[in-house]
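Chemist: Using only what follows, build the 3D model:
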Amino acid sequence: MRVGPDGTTRLTSRLGNEITTIYPDLRSVLAETLAGRPAVFDGELVVLGQDGRPDFQLMQSRHQRGPTAELLRTAPVTYIMFDLLRLGEQVLVTTPYTRRRELLADLPVSSPRVAVPRHFTAETSTRTNCSRWSRNSDWRGWSPSGSSRATTRANEAGTGSNDH
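Modeler: Okay, here's the model as predicted:
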């Protein structure tokens, strides 16, 4: 996901295909959060099923049928962010991942269409902690097999202020 200084959101698939028009429910979703700063994220687009977990079939239906009024209402997408590759004029691709995750976690994301899942480190990843979190989590305990990858590769992070 690329977000321009004006809040305009642009989505590309892992193959580099433009998919923004398929997901208008994510248009300008991070404008308030970023307050005029451009940004590039890596994440997953998912559609949550009735159980609150990603539903691959719903995601496929949504992607293939496009943004019909019915699907926008019944199968809204959620963008799960895993990485922050650029924030403002700072390209972060060479910054250690733990620092990028800290910067990502510090963003005041308030949209129900965007989520930053909990990040486990060596210090927090004990078997007991992970097991407890998994049992008590809501949809954020999802499995990658239930999602469709919408990624922005590091080389798309760009360096100019017009890259979004």
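
Chemist: mind listing the strands for the protein?
Modeler: Ranges of strands in the chain, per DSSP state E, are 2-3, 9-10, 39-47, 77-87, 90-91, 114-115, 148-150.

Chemist: of all those, which lies closest to residue 21?
Modeler: strand 9-10 (10.3 Å; C-beta to C-beta). To be clear about C-beta, it is placed using only N, CA and C from the backbone, and glycine gets the same treatment.

Chemist: any residues touching that closest one, and which ones?
Modeler: 1, 2, 3, 4, 18, 20, 26, 27, 28, 29, 30, 164 (C-beta atoms under 8 Å, 6 or more residues apart in numbering).

Chemist: now that strand: mean pLDDT?
Modeler: Here strand 9-10 scores 94 as its mean pLDDT.

Chemist: try stretch 60-75
Modeler: Rounded mean pLDDT across stretch 60-75 is 90.

Chemist: Then stretch 28-47?
Modeler: For stretch 28-47, mean pLDDT is 94.

Chemist: Buried residues of it, list them for me.
Modeler: Of all the residues in stretch 28-47, those buried under the rule 16 or more other C-beta atoms under 10 Å are 29-31, 33-34, 37-47.

Chemist: With stretch 43-59 instead?
Modeler: Quick answer for stretch 43-59 (16+ other C-beta under 10 Å): 43, 44, 45, 46, 47, 48, 49, 53, 54, 55, 58, 59.

Chemist: Write down the beta-bridge partners of the second one, one by one.
Modeler: The reference is to residue 44. residue 80, residue 149 (DSSP bridges).

Chemist: doesn't residue 82 make contact with it?
Modeler: Yes - the pair residue 44 / residue 82 is scored as a contact, 7.2 Å apart, by C-beta atoms under 8 Å.

Chemist: Which among the contacts of strand 9-10 count as buried?
Modeler: 1, 2, 3, 4, 20, 26, 29, 30, 164.

Chemist: Just the closest of the residues you listed to residue 106, please.
Modeler: The closest of these, once distances to residue 106 are taken by C-beta to C-beta, is residue 30, at 13.8 Å.

Chemist: How about the closest one, nearest residue that isn't a chain neighbour?
Modeler: In space, and not counting its chain neighbours, residue 30 is closest to residue 3: 5.1 Å by C-beta to C-beta, 6 or more residues apart in numbering.

Chemist: now residue 83
Modeler: residue 42 (4.0 Å).
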